[in-house]
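K.L.:
quick one: sequence and predicted model below, then my questions.
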Amino acid sequence: MRERDVPQEGNATLAGHRKAMYAVGDDGKLRLVPSRGWEVEEIVTRQAVEDLERRANEARERVLAGATSPLEYHMYRARMDVALLAQATGLWRWRVRRHFTPRVFARLPQRLRRRYAEALGISVEALGKLE
Amino acid sequence: MAIAFTHRRASHCESGVMSSLLHHHGLPLSEPMAFGLASALAFAYLPCVRINGQPLIAFRMPPRAIVKGLQRGLGLGIRFETFSSPASGTARLDTLLDAGKLVGLQAGIFWLPYFPPDLRFHFNAHNLLVYGRDGDDYLVSDPVAEAPARCARKDLEKARFAKGVLAPRGLLYYLTSQPSAPDWARLGTRALARTANIMLRTPLPLIGVRGIEMLARRVERLPLDGGGDRARLYIGHIVRMQEEIGTGGAGFRFMYATFLQELAGKTGYTALNALATRLVEIGDRWQEFAVAAARMIRRRDALTPPALAEHLRAIARDERLFFQELHRVQSAWAC
């Protein structure tokens, strides 16, 4: 890539940050050039973020319909899946899944709630609610 | 309290951290040199390691390969420490900083507040430097950021003890002895030979040029059911692993090309310059692949996985020829 071809398209997902990449200057030497971002990166990052947001919204609907617990919603909000949440809490995956059942979640002891809240980076009170 | 330290910009976190660390200790080694001498360029398609439910696709050697590779090549004295509890990890970091050490850390990106929110995914193999602390804030030099940042104690602790794939377990590292300038030609030939070997002769078909071909086969067979949304996510994931996570497939190729040029300059072995030019072209091919994929994701072009697979095969062909040539040039290097 030539220095003048380094993308400067203003990738919104970089939030104003500039990346740096190596590109060929007019003298034929490669050097580090700042980049405002590339549309391609923005497309794939937005795609991944939107997929997670979609899952969180679907979980939210299901919480309101009484089909799942707020834990599932908060898991997607934290950009996690069951495998990662299980690893982060040190629980078995089936236990995490079981805690998605509203009835089981309602009886969840404070100790486990703290563990989830810690892993998700939110407060224990927030864990029991949507938002 | 902070030590006198200059923040250096880099394209990739681990090579940037090592370059900064060595500069600080009096050995001016550029980022591409750190990357190339550690033989960090590679390709790996690992379907059994899952990241957000998708396979791991890497364009470089696994995390810590650059630090370890330079440790071996330059004979560096580096100490690595991991911790069983966050409290002891933080206490140890404070002790080292108070003793005036420049400390490298592994951390999970998701928990680093100075990263742009859209880029904060659960990726645990990020590297950064800490050069001091001020009250409850650490002074962080993240080589992929434009300027030094501040990070609150509890945030950094969370990031250092993030869980999941490649969990850092509080890993920190620092130099214990003064580095000295090596014999560049000797180190260079070894590094080139190792990279050519990894790309061409790894016995596992998931690594190196054969890994690219394997990925091409997988892409070719992507099912298009349900409107192709799953296939689009898979393709998007490849491009994200390529361009977003770390530095990118193309980015690493450009960086390695820079290394070849700098090595040619340092040793006077000019045959490496032509290789650098060829590798830049291969990097361009990777970028074209990303553009083609992004157009399909955005539905500007029809979703045709076989076309992308063909693109990947062409890249694999180019890379095979390139690394064979690299091997030849390396063998012909008399030193």
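P.N.:
Cool, the structure landed.

K.L.:
going by C-alpha atoms from here, please, whenever you check contacts or count neighbours.
P.N.:
Noted.

K.L.:
the host helix or strand of residue B:139 close to chain A?
P.N.:
Assigned by DSSP states H and E, residue B:139 falls within strand B:137-141. No. Contact of strand B:137-141 with chain A (C-alpha under 8 Å from any C-alpha of the partner chain) is absent, the minimum separation being 14.7 Å.

K.L.:
give the rounded mean pLDDT of that strand.
P.N.:
What strand B:137-141 shows for mean pLDDT is 96.

K.L.:
for the record, mean pLDDT for the longest helix anywhere in chain A?
P.N.:
Assignment by DSSP state H gives helix A:39-64 as the longest helix of chain A. The pLDDT scores in helix A:39-64 average 92.

K.L.:
burial check on residue B:37, number of neighbours?
P.N.:
Applying other C-alpha atoms under 10 Å in any protein chain shown, we find 28 residues neighbouring residue B:37.

K.L.:
ok but residue B:6 is inside a strand, no?
P.N.:
No. Membership of residue B:6 in a strand is not supported by DSSP: H, G, I helix; E, B strand; the rest coil, which gives coil.

K.L.:
quick one: contacts for it?
P.N.:
residue B:24 (C-alpha atoms under 8 Å, 6 or more residues apart in numbering or on different chains).

K.L.:
all the strands of chain B, residue numbers only.
P.N.:
In chain B, the segments counted as strands under DSSP state E are B:41-51, B:54-60, B:78-81, B:103-107, B:126-134, B:137-141, B:149-152, B:172-175.

K.L.:
no no, chain A
P.N.:
A:19-24, A:30-35.

K.L.:
partners of the last one in the sheet?
P.N.:
Next to strand A:30-35 in the sheet, as set by DSSP bridges, lie strand A:19-24 (antiparallel).

K.L.:
report the buried residues of the partner strand.
P.N.:
A:19-24 (16 or more other C-alpha atoms under 10 Å in any protein chain shown).

K.L.:
just the C-alphas of it, formatted as PDB.
P.N.:
Written as PDB, here are the backbone C-alpha positions of strand A:19-24 (Å, rounded to 0.1, in the frame of the first residue of the first chain):
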ATOM      1  CA  LYS A  19      -4.600   3.700  14.000                       C
ATOM      2  CA  ALA A  20      -1.100   3.400  12.600                       C
ATOM      3  CA  MET A  21       0.000   1.200   9.700                       C
ATOM      4  CA  TYR A  22       3.000   0.800   7.500                       C
ATOM      5  CA  ALA A  23       2.900   2.100   4.000                       C
ATOM      6  CA  VAL A  24       5.200   2.800   1.100                       C
END
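
K.L.:
any idea how far it is from the chain center?
P.N.:
Centre-to-centre, strand A:19-24 and its host chain are 27 Å apart (C-alpha atoms, centre = their mean, to the nearest Å).
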